[in-house]
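S.K.: coordinates only, sequence not included:
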Ligand code: G4F
């Protein structure tokens, strides 16, 4: 029986990955952080046939106990303080959650379930403003993070490589570029924009406040990206991988297309708010995922447009 343990199981990626792994016949276990609003605890996963445990990445005791009980064959470390903007307000918490916890997780995995494979959710934010001369980021592009979040992910990325080499383990990094869906938290720019558009269309609000609209992101769909996570763990050898669409668009482009789907012009509604400007900005992301597509035979199904259309439709039905 293949047994997966997912940290961050109730997040966007954790919920899609759980569904995907259940479909593949896995027994799925996940770690849940206690939330004061019980309804928010497991909103994305409450219909799934999975087993959850209260724990926290910063609480080594809970990690140790859960690993001992589950003894997984695959660990997907998706839990994180994942908001780049907020990481500058909570830098120490970000490092504790995203970097220090990875040491505990890898040490415990090595001792408790030595054959277990580990997937680490690494991020394109690690590159900061480094970009190759052809306009792409790839595994060889220098990492120059521009946020505490990016710094924390670089540390975790290197720890995974270190444990893989030092102890001959099947520990992998998936460097995922931005990936979205209707399940995305609404303080990330894509879902904030889409949800606001639907509220504007339904005359519930009359403006949308954003920060930097000129930064560019390489956006894919979370459902496609969790499939890549699983393929990474099934490859014949452990490695690091880029998961991206290879296309870049600005926040402005995203707004223009999303507003046009409900016959509105973004220029009439989007207002600038300095509050959303970050101390440092990552300007352009565009990932070269050619190796991932070739060796893992990974093929995303969604396009930029179909992803936004699905998000609009979701909020149209929900609000
Ligand atoms: O949606 P965002 O918050 O995503 P960001 O910072 O790119 O991070 C996401 O992708 C990373 C992968 O590269 C992940 F590792 C990370 O966990 C997360 O999933 O912001 C995207 C862009 C930024 O340039 C930001 O400055 O949108 C800009 N933006 C403009 N106005 C805004 C807003 N971002 C947010 N969240 N809210 C705004 O109002």
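M.R.: Sure, I can see it. Computed from a predicted structure; not experimentally measured. Residues are numbered from 1 along each chain as shown.

S.K.: Spatially nearest residue to residue 252, not counting backbone neighbours?
M.R.: residue 213 (4.4 Å; Cβ to Cβ, 6 or more residues apart in numbering). Any C-beta I mention is one placed from the backbone N, CA and C, and that applies to glycine too.

S.K.: how near is that neighbour to the ligand?
M.R.: Taking Cβ to the nearest ligand atom, to the nearest Å as the measure, residue 213 and the ligand are separated by 6 Å.

S.K.: what's the burial count for that residue?
M.R.: Look at residue 213: counted by other Cβ atoms under 10 Å, it has 17 neighbours.

S.K.: just residue 58 next, same as before
M.R.: Residue 58 - counted by other Cβ under 10 Å - has 17 other residues nearby.

S.K.: Is it in a helix, a strand, or coil?
M.R.: coil (DSSP: H, G, I helix; E, B strand; the rest coil).

S.K.: what's the residue lying closest to residue 136 once chain neighbours are set aside in contact with, if anything?
M.R.: Counting by Cβ to Cβ, 6+ apart, residue 288 is the residue found nearest to residue 136 once chain neighbours are left out, at 4.1 Å. Neighbouring residues of residue 288 by Cβ atoms under 8 Å, 6 or more residues apart in numbering: 132, 136, 137, 138, 242, 244, 246.

S.K.: Quick one: name the residues of the stretch 51-200 of the chain near the ligand.
M.R.: Contact residues, the stretch 51-200 of the chain versus the ligand (Cβ under 6 Å from any ligand atom): 82, 84-85, 123-125, 177-178, 187-190, 192.

S.K.: Which members of those are classed as buried?
M.R.: Buried members of those, scored by 16 or more other Cβ atoms under 10 Å, are 82, 84, 85, 123, 124, 125, 177, 178, 188, 189, 190, 192.

S.K.: Can you add distance to residue 46 and give the residues you listed back as CSV?
M.R.: Listed next are those as CSV, based on distance: Cβ to Cβ, whole Å:
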residue, distance to residue 46
82, 21
84, 28
85, 29
123, 27
124, 31
125, 30
177, 29
178, 26
188, 22
189, 27
190, 24
192, 24
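
S.K.: from those, which single one is nearest residue 30?
M.R.: For these, the residue nearest residue 30 by Cβ to Cβ is residue 82; the value is 16.0 Å.

S.K.: Model confidence for the closest one, exactly?
M.R.: The model reports residue 82 with a pLDDT of 97.

S.K.: My read is that it contacts residue 11, right?
M.R.: Yes. Because the distance of 7.5 Å satisfies Cβ atoms under 8 Å, residue 82 is recorded as touching residue 11.

S.K.: Tell me which stretches of the stretch 201-319 of the chain form helices.
M.R.: 222-234, 251-260, 290-296, 304-318 (DSSP state H, counting those that start in this stretch).

S.K.: Deepest in the core, which of those is it.
M.R.: Across those, the average number of neighbours (mean count of other Cβ atoms under 10 Å) peaks for helix 222-234, which reaches a mean of 21.

S.K.: If you count contacts, what does that one end up packed against?
M.R.: helix 12-23, strand 74-77, strand 117-123, strand 171-176, strand 179-180, strand 240-243, helix 290-296 (3 or more Cβ pairs under 8 Å, 6 or more residues apart in numbering; DSSP states H and E).

S.K.: which residues sit against the fifth one?
M.R.: Under the contact criterion Cβ under 8 Å, 6+ apart, strand 179-180 has outside partners 12-13, 188, 190-191, 219-222, 224-225, 243, 307, 311.

S.K.: So the residue nearest to residue 252 sits against residue 270, correct?
M.R.: Yes. Counting by Cβ under 8 Å, residue 213 touches residue 270, with 7.3 Å between them.

S.K.: got a pLDDT number for residue 107?
M.R.: 98.

S.K.: and it, how many neighbours?
M.R.: Residue 107 has 16 nearby residues by other Cβ under 10 Å.

S.K.: and it, what element?
M.R.: Secondary structure assignment for residue 107, by DSSP states H and E: helix 101-112.
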